[in-house]
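# A predicted structure for the sequence below; I have some questions about it.
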Amino acid sequence: RKEVEQDPGPFNVPEGATVAFNCTYSNSASQSFFWYRQDCRKEPKLLMSVYSSGNEDGRFTAQLNRASQYISLLIRDSKLSDSATYLCVVGDFGTDKLIFGTGTRLQVFP
Amino acid sequence: DAGVIQSPRHEVTEMGQEVTLRCKPISGHNSLFWYRQTMMRGLELLIYFNNNVPIDDSGMPEDRFSAKMPNASFSTLKIQPSEPRDSAVYFCASSPGLNSNQPQHFGDGTRLSIL
């Protein structure tokens, strides 16, 4: 079983749509969780951290369910510029390592 | 603020040649990471350093790969001899460290092609 699993997609949605990505992780001791965004031929960039109580940053909402070892990212009112690959990332407990999922590709069309 | 700086941005070379990739982490960051990304395998951690000391090199594919961090502001990843299957994008990232799983900041990457 992979340490971090994501649906690879692609998710093809029209502008203005709401889309949700899910991710599961295997290590119940993990304490840190993030979503990164990677544009084509670019480096991964931090989109947002994920906190236990859930958190929101504009159109983006992240949630964590520790009991189910599940993380989600919700994007409301999708923009063309949201088209990218979204990487679910989990901290490796007790180290500085981050475990990256393989990413979910989002394509927003006009 | 200067981010993580990698060089070269692109490298094309023939198999058998030595390849050296360079990275300057964000000033004040104590942990440095080397990753490789391919379509087939995604983003793989090769090695990471904390306070210039290699902590985990279990991701280094084989003896042809080596990495050094002689000081807090510079690291190299070397492949000798290079093979076509080493073609990938190599990213360097840094974080404040301290085993706190803080977010990592990535450089622009080096796109390596081995012919």
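The structure has been received and is ready for your questions.
# and the residue nearest the centre of chain B, what does it touch?
Nearest to the mean C-alpha position of chain B, by Cα atoms, centre = their mean, lies B:Trp34 at 2.9 Å. Residues near B:Trp34 by Cβ atoms under 8 Å, 6 or more residues apart in numbering or on different chains: B:21, B:23, B:45-48, B:67, B:75, B:77, B:90-92. The way it works is simple: take the backbone N, C-alpha and C, and place the C-beta from them, glycine included.
# show me where chain A has strands.
For chain A, applying DSSP state E gives strands covering A:4-6, A:11-14, A:19-25, A:33-38, A:44-49, A:55-57, A:60-65, A:70-75, A:84-91, A:98-100, A:104-109.
# thought A:Gly9 was touching A:Leu106?
Yes. Assessed by Cβ atoms under 8 Å, A:Gly9 is found in contact with A:Leu106 at 6.6 Å.
# the two: which is more packed in?
Set side by side, A:Gly9 and A:Leu106 show more neighbours around A:Leu106, with 21 against 15, by other Cβ atoms under 10 Å in any protein chain shown.
# how about the most far-flung residue of chain A relative to its centre, nearest residue that isn't a chain neighbour?
Among residues of chain A, the one most distant from the C-alpha centroid is A:Pro110; the distance is 22.9 Å, by Cα atoms, centre = their mean. Closest residue in space to A:Pro110, ignoring its immediate chain neighbours: A:Glu15 at 5.9 Å, by Cβ to Cβ, 6 or more residues apart in numbering or on different chains.
# for chain B, what is the nearest residue in chain A?
A:Gly91 (2.9 Å; Cβ to the nearest Cβ).
# what's near enough to touch that residue?
A:30-34, A:97-99, B:101.
# name the surrounding residues that touch the one helix or strand in chain A whose mean pLDDT sits lowest.
Each helix and strand of chain A was given a mean pLDDT (mean pLDDT, DSSP states H and E); the minimum falls on strand A:98-100 at a mean of 91. Residues outside strand A:98-100 that contact it (Cβ under 8 Å, 6+ apart) are A:3-4, A:25, A:32, A:34, A:36, A:44, A:87-92, B:42-43, B:101, B:103-104.
# now the end-to-end length of stretch A:13-31.
32 Å (Cα to Cα, to the nearest Å).
# how far away is B:Val4 from B:Ser27?
Noted for B:Val4: a distance of 10 Å to B:Ser27, by Cβ to Cβ, to the nearest Å.
# settle it for me: which of these two has more neighbours?
Neighbours per residue, other Cβ under 10 Å: of B:Val4 and B:Ser27, the larger number sits with B:Val4, 22 against 10.
# leaving out sequence neighbours, find the closest residue to that one.
Leaving out its chain neighbours, B:Val4 is closest to B:Gly107 (Cβ to Cβ, 6+ apart), at 3.7 Å.
# neighbours around the one you found, how many?
So B:Gly107, with other Cβ under 10 Å, has 24 neighbours.
# now for it: which residues touch it?
For B:Gly107, the contact set (Cβ under 8 Å, 6+ apart) comprises A:43, B:3-6, B:23, B:91-93.
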